[in-house]
Each structure stands twice: as structure tokens, then as C-alpha cells.
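Participant: can you look at this prediction? I've put the sequence above it.
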Amino acid sequence: MELKGNDYYIQGLQVQQLCDEFGTPLYLYDADKIKAQLDKLQEAFGGFPVRFKYAAKALTNISILKLMRHYGLGLDVVSIQEAMLGLKAGYPAKDILYTPNCVSFEEIQMAVEMGVMINIDNISILEQFGHQYGGSVPICIRLNPHIMAGGNTKISTGHIDSKFGISVLQMRHLLRVVKTNGIKVVGLHVHTGSDILDAEVFLRGAQIVFDAAREFEELQFLDFGSGFKVPYRHDDATTDLRQVGSRLKEAVAGFTKDYGREVEIWFEPGKYLVSEAGYLLVRTNVIKTTPATVFAGVDSGMNHLIRPMMYDAYHDMFNLSNPNGIQRVYTVVGYICETDTLGWDRKLNELKEGDIIAIKNAGAYGYSMSSNYNSRFRPAEVLVYEGKAHLIRRRETLDDLLRNQQEVEF
Ligand SMILES: *Cc1c(COP(=O)(O)O)cnc(C)c1O
């Protein structure tokens, strides 16, 4: 978003006008920002065959999935329903990687029928898979490298207590199951979780995959997952992609020599592509002064953006309606009947009732984690693409709330 004079713009469109047109609360996405992030990834990772699979769960709207396909990406999905959405969005099954955790074998069978690439993350399912399909359906295996990436334990997935992946310490057992059943392993995968800051940590994970890869002869790809950090505060450190890219290039070259041929390198960015592209625009309903603080109560809350309450996530925000006013301290809270703070002690340009607050980094895990708690409608979603605002999901109505409910008369 760009400030010109007293108004904020996205691709030449005045954001305040979009709020008037589509109403608030509103999720607003900027396709140019998504593209810019993708360009950065593509610049950083070169010199070897690389594929990007958009991690659908970050922002699952079908138009976003189609946009990502238009940009040439594949798709990473974590449920059979996301896989269905991917097919509906036009992805060929072979471009969809299905990486579930703790799902039933029936769901795996459905994925086989859909023809998506299946990423298996436990030995029990691997055995059932081998028993049923032998080597007839090529698969990928998700390893747990036991690396503690940055971020908090809720979003970190590669550590020793994590439920994800097959431990690298179980490699011998894994190989026994693979060989005994003749399973065709064409990919190895690690995803250590969000917020990788350090090229070193990333490369340690990569090295474990390279070492494991020597045990498999038919590999077509190695998938390094995601976790590239984006700034949530203006002075936040971010992943030094160029450094990761150039170090990885060396490591891949070494691996290729050892392995005897090239394999593709895959990544599955979610947050990196969409976090900063999205804003949650909310209207200030009430300014309420208490003995402790000044609350700004807005027409949204943890039902629409759960990250602050669930992960203590910090989402920067600003007063869109009064960009040049004096700054004051506010506690910005939602309208849910439960403590739902969106931001403590925020310096915002002076707010009056009716002003729009723009909450940043709302593109990833915003709408996709929203709910109807308190029987509130979920917001509309608007995508700005090539200078035009597209409504990509209408605001809910009472019919949406009641859709699956059965009324019993007493
Ligand atoms: C969630 C997830 C991602 C995306 O993670 P981000 O931090 O949003 O980039 C990638 N791969 C898998 C398997 C995931 O579960």
C-alpha cells in the first residue's frame, strides 16, 4: 500500500473507496506484491532445476489458487479437500503435492485415485501403502531432520518432539519397509516449519536430505519445504534468500556430482508469497477510555484473524483514515465476547470512531484460519489484479450460517 497525500492506494485504487464499496471488515490482497515475492524467490534460487509449490493452506481462495497457477506454480496441499480445490482450480494432478499428517489410509487411497503426488510421513501408512500398491504408485517421503528452526514451537515442525515426518533416525527401518515392498520413492521432503532466519539452519536440514538421498536410486526431486521469514515488524530480520540460494547452489552441485544425475529442487512457500500481500481492513466502532488504556474496538476480532491470540503474533497496523494525524497509544481489540486483542500499546495516528484500521501481514493464515465464532459473518475478500478490484469471496449472510443446520421444532 502506498500513501499519497492523505490517502492510501493499491495499484492506483484508493483503499478507503474499496472499503466503502465492499464494506468492512475486508480482506484485501495485492497481486503485484505476490508476484514481487515470487520474483525474489526465483532470483534467489537458480543454477539448478527448481520448482515452487504454493502452500495452499496459507490462503486457499480458489482465485488465489488460480492466480498462483497463472504465475506458473504447482501446489502443496495438506488435506484431500485442498487437493480437490487444487484440481478445481485447474492444476494438473501431477503438479499437486499432497502432504498430510495423521490422516486415514482411506484418504491416502483417495489421493492415489486423484493422481496427486503423495508425501508419506509415517511408517505405519508407508507399510499399508507398500502392501496395497507396491511400486505401482511413486511416492515422496517426508523426513524429520530434528532441526529446531526459528519461531515458536507451535509453528516449528522439525524438532524432536514434533509429530511430523519420519525421523531420520528411523532410516534403517524406513529402508526395510521400502525395499521389502518394492516401494518407488521419487522424492524426499523436509519442512522444518515457519521462520527460518538462518542460512546455516536451512543448509543443515538440506544436508540431511542429501545424505538420506544416497539411499534412494530413483529420486526425481528433493523438497525443502518452506519457512522463509517475512517481516511482521518494520525492523524484523528476514531470511537472507540470496545467501540461502547461493549456498544451496553449491550444495546441490556437490550432491548432483555424488548422485550421478540432476534431481529437481522443490520449495513450498506459503507465508512468503501471501503474507505481506494481504490486509485486514476493519472499522473502529468504539473508542473506550478505561483507567488502564484507550481501547479501539473494531468490527472484527479473533474470529477473523486468530494469529495474535493463538500465536502471540504481532501484526503491525495503521490508521488508514487519518495518516497524518498526531500519534497516540491504543489497545486495538475485537468485538468478540472473550478477550481478543489484535494489538497492545500501538502507536496509531489519532483514531476517531468510523476510522479504518489496516492490519498488515494478513494474507497468510488470516482468512484461512477464520471462523464464525459468535455467529459473526466472515469478511469479503477482494483481490487487486492489474489495477482492478475483484471480489473473490462475498461477505457471508445469515443463510451461510444456517446452511448445514437442521431446525428441530419443539
Ligand atoms: C504450512 C506448510 C508450508 C508453508 O509454510 P509457510 O510458513 O506458510 O511458508 C509448506 N509445506 C508444508 C508441508 C506445510 O505444512
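Facilitator: Cool, the structure landed.

Participant: switch to C-alpha atoms for all contacts and neighbour counts from now on
Facilitator: Fine.

Participant: assumed K94 was part of a helix.
Facilitator: Yes - when DSSP: H, G, I helix; E, B strand; the rest coil is applied, K94 is found to be in a helix.

Participant: D223 reaches H189, doesn't it?
Facilitator: Yes - D223 is within contact range of H189, at 4.5 Å (criterion: CA atoms under 8 Å).

Participant: show me where the stretch 251-400 of the chain has its strands.
Facilitator: When assigned using DSSP state E, counting those that start in this stretch, the strands of the stretch 251-400 of the chain occupy the ranges 264-267, 278-289, 294-298, 317-319, 327-333, 341-349, 356-359, 380-385, 388-393.

Participant: quick one: list the elements packing against the fifth one.
Facilitator: Spelled out, it's strand 327-333. In terms of contacts (3 or more CA pairs under 8 Å, 6 or more residues apart in numbering; DSSP states H and E), strand 327-333 is packed against strand 294-298, strand 341-349.

Participant: looking at the ones you listed, spot the one closest to N372.
Facilitator: Proximity of the helices and strands packed on strand 327-333 to N372 was assessed by CA to CA; the nearest stretch is strand 294-298, lying at 16.3 Å.

Participant: partner strands of that closest one, with direction?
Facilitator: Strand 294-298 has the following sheet partners, assigned by DSSP bridges: strand 278-289 (antiparallel), strand 327-333 (parallel).

Participant: in the shortest one, what's buried?
Facilitator: Same thing as strand 327-333. Along strand 327-333, these residues count as buried under the neighbour rule (16 or more other CA atoms under 10 Å): V329, Y330, T331, V332, V333.

Participant: residue nearest the centroid of this protein?
Facilitator: Here the mean C-alpha position of the chain is nearest to the C-alpha of A58 (CA atoms, centre = their mean), at a distance of 2.8 Å.

Participant: what are the phi and psi values for the residue nearest to L3 when sequence neighbours are not counted?
Facilitator: Excluding its sequence neighbours, the residue lying closest to L3 (CA to CA, 6 or more residues apart in numbering) is Y9, at 6.4 Å. Reported as degrees, to the nearest 10, the phi and psi values for Y9 are phi -130, psi 150.

Participant: heads up, I number from 495, so please use that
Facilitator: Taking 495 as the first residue, the last one we looked at is Y503.

Participant: show me the contacts for Y503.
Facilitator: Taking CA atoms under 8 Å, 6 or more residues apart in numbering, we find Y503 in contact with M495, E496, L497, V509.

Participant: out of the residues you listed, which is nearest to A745?
Facilitator: Taking CA to CA as the measure, A745 lies nearest M495 of the contacts of Y503, at 37.8 Å.

Participant: return the residues in contact with the closest residue in space to that closest one that isn't next to it in sequence.
Facilitator: With CA to CA, 6+ apart as the criterion, M495 has its nearest non-adjacent residue at 5.1 Å, and that residue is I504. Shown in contact with I504 (CA under 8 Å, 6+ apart): M495, E496, D524, V878, G881.

Participant: most neighbours among those, which one is it?
Facilitator: Neighbour counts for those (other CA atoms under 10 Å) peak at D524, which has 23 neighbours.

Participant: what's the pLDDT at it?
Facilitator: On the pLDDT scale, D524 is placed at 98.

Participant: and for the one 4 residues further on?
Facilitator: For I528, the model assigns a pLDDT of 98.

Participant: what is the burial count for it?
Facilitator: Taking other CA under 10 Å as the definition, I528 ends up with a neighbour count of 22.

Participant: now do the contacts for it.
Facilitator: Going by CA under 8 Å, 6+ apart, I528 touches L767, V768, A771.

Participant: rewinding a little: the strands paired with strand 788-792 into CSV, with extra columns for mean pLDDT and distance to the ligand?
Facilitator: Shown next, in CSV, are the strands paired with strand 788-792 (pLDDT from 0 to 100; distance: least, CA to the nearest ligand atom, whole Å):
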stretch, mean pLDDT, distance to the ligand
strand 772-783, 98, 13
strand 821-827, 98, 25
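
Participant: about what we covered before: out of the buried residues of strand 821-827, which is nearest to A747?
Facilitator: Sorting the buried residues of strand 821-827 by how near they are to A747, with CA to CA, puts V826 at the top with 50.2 Å.

Participant: all good on my end, thank you.
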